[in-house]
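Visitor: following is a predicted model, sequence given first.
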Amino acid sequence: MHKDELLRLHEEMVTIMEYFRDRTDADPELFEPYARLDVTPDDVHMSKSEHKHAVFVLGNALAKAMSDDEFSNAGRVGKRMEELAKDAEGNL
């Protein structure tokens, strides 16, 4: 995936995050790991690896927001995103 495509994906995922964050039943702490990264789609100067890591961390949070438990489809996606985020973090 090219960096410009990754930035677009990151931007779309942030839009979805904002939807979940604004819902009253969403856990406000759910997106804290992503917020602590301080990497946004607008940060084009940051490396592709940093954006990739941010996308996986955000993907994990989104999957958790959509899952009922860790065994649901979204829960399994969240678990895989968590693994990918750890791998991506190792490449920073």
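Guide: Received the coordinates, thanks.
Visitor: spatially nearest residue to the residue nearest in space to the middle of the chain, not counting backbone neighbours?
Guide: By CA atoms, centre = their mean, the mean C-alpha position of the chain lies nearest to Leu58, the distance being 1.1 Å. In this structure, Leu58 finds its nearest non-sequential neighbour in Tyr34, 4.6 Å apart by CB to CB, 6 or more residues apart in numbering. Yep, even glycine has a C-beta here, placed from its N, CA and C like the rest.
Visitor: which of the helices or strands spans that neighbour?
Guide: Here Tyr34 sits within helix 32-37, counting by DSSP states H and E.
Visitor: alpha carbons of that helix, in CSV - could you do that?
Guide: Extracted in CSV, the C-alpha atoms of helix 32-37 (Å, rounded to 0.1, in the frame of the first residue of the first chain):
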residue,chain,number,x,y,z
GLU,A,32,-7.1,6.6,24.3
PRO,A,33,-4.3,4.3,23.0
TYR,A,34,-4.7,5.8,19.6
ALA,A,35,-4.9,9.4,20.9
ARG,A,36,-1.6,8.8,22.9
LEU,A,37,0.2,8.0,19.6
